[in-house]
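Colleague: no sequence on this one, just coordinates:
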Ligand SMILES: Nc1ncnc2c1ncn2[C@@H]1O[C@H](COP(=O)(O)OP(=O)(O)OP(=O)(O)O)[C@@H](O)[C@H]1O
């Protein structure tokens, strides 16, 4: 995918600025800033109805923004690949016929069809009609269709729904390969444990608004969630150390993610402890934290502690999420 590598990896290939999308009176997206980088996998996350698919459809050009701008880095037509949420092809066609049809549509060399059939391990079924395919086979075919034209940007809407763990792993292996070839991959998913192993950045949304974006490490810091350090016989080993004892809860040392490195140095240098485990907040922990903030802000802003209102996150959320007692499902 040399064409995409020509774009600087640190510059976004697509950027949305201050984008709004209205359906009549309903605001599906409000003032969203969003960037996609070549050679990176971006996880697009949010509850049902948050606006993820709408964002994808804006990038595809299926919707036009009511307000704001969509910019493409090299100003040329963007080569996009798309796997919709519900992949459905004409089921009397064979797998090979489907890919050949899309190859002709996208003016791709027919030899690419055979290559992808091989790569996606569909050779044994290529002459069978799709009605005989399992969910996983159809999904593999769907992704093969999406990457036929070697896209610069690949948009995958819930690619692993209904797949067994092995089939999901297969798809993510392909996604990683494409990313390493310079493709910008956007994955819209609710399967956080799976995407956590593969993402470079995540973009969290709620009710059409951007909540936060960044690497997992940046999001952990922004959330302020604690890291837990565990070790065997912890109570005996920290005996007499008031500092460590003050941080010990439920057989683990609990420190802010920002103080993690300092704590590790302290354990090694001062206590000669090296056999500890560091448990950082997972993507699910971070996701739940952000969603809870929205929920709390909407339902109980009047009772929020004054100290919390000083944080950049709180101020950011306050721009969008005004108290609306009894609404939403953000617990
Ligand atoms: N064409 C449309 N006309 C009117 N409302 C729409 C249209 N498309 C989407 N919406 C509304 O916009 C909101 C965002 O929908 P969207 O499909 O983008 O959410 P999503 O985050 O992808 O949800 P899910 O996780 O359930 O797929 C929803 O409230 C939906 O009902």
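Modeller: That came through fine. The structure displayed is predicted, hence computed values, not measured ones. Residues are numbered from 1 along each chain as shown.

Colleague: For the protein, what lies in contact range of the ligand?
Modeller: Residues of the chain found near the ligand (C-beta under 6 Å from any ligand atom) are 23, 26, 28, 46, 48, 49, 50, 51, 52, 53, 54. Where you see a C-beta, it was placed from the backbone N, CA and C, and this is true even at glycine.

Colleague: Would you mind giving both backbone torsions of the first one?
Modeller: With angles defined as degrees, to the nearest 10, residue 23 sits at phi -110, psi 100.

Colleague: now do the third one
Modeller: Per-residue torsions, residue 28: phi -80, psi -30 (degrees, to the nearest 10).

Colleague: For the stretch 101-250 of the chain, give me the ranges with low pLDDT.
Modeller: Within the stretch 101-250 of the chain, no stretch has pLDDT under 70.

Colleague: hey, where'd the helices end up in it?
Modeller: For the stretch 101-250 of the chain, the helices defined by DSSP state H, counting those that start in this stretch occupy 111-119, 135-146, 165-180, 192-196, 216-223, 234-237, 242-247.

Colleague: Mean neighbour count and distance to residue 103 added to those helices, as CSV?
Modeller: Shown next, in CSV, are the helices of the stretch 101-250 of the chain (neighbours: other C-beta atoms under 10 Å; distance: least, C-beta to C-beta, whole Å):
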stretch, mean neighbour count, distance to residue 103
helix 111-119, 16, 5
helix 135-146, 21, 9
helix 165-180, 16, 18
helix 192-196, 17, 29
helix 216-223, 18, 37
helix 234-237, 13, 60
helix 242-247, 13, 60
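
Colleague: Out of the residues of the chain next to the ligand, name the ones that lie in strands.
Modeller: Among those, DSSP state E puts 23, 26, 28 in strands.

Colleague: Just the buried ones among the residues you listed, please.
Modeller: residue 28 (16 or more other C-beta atoms under 10 Å).

Colleague: so can I have a markdown table of the ones in strands among the residues of the chain next to the ligand showing pLDDT and distance to residue 207?
Modeller: Converted to a markdown table, these look like this (pLDDT from 0 to 100; distance: C-beta to C-beta, whole Å):
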| residue | pLDDT | distance to residue 207 |
| --- | --- | --- |
| 23 | 95 | 14 |
| 26 | 94 | 11 |
| 28 | 95 | 9 |
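
Colleague: list the helices and strands the longest helix seen in the chain packs on?
Modeller: Determined from DSSP state H, the single longest helix within the chain is helix 283-300. Contacts defined by 3 or more C-beta pairs under 8 Å, 6 or more residues apart in numbering; DSSP states H and E place helix 283-300 against helix 192-196, strand 201-206, strand 209-214, helix 216-223, helix 312-318.

Colleague: got TSV for those, with distance to residue 32 too?
Modeller: Converted to TSV, these look like this (distance: least, C-beta to C-beta, whole Å):
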stretch	distance to residue 32
helix 192-196	20
strand 201-206	8
strand 209-214	5
helix 216-223	17
helix 312-318	13
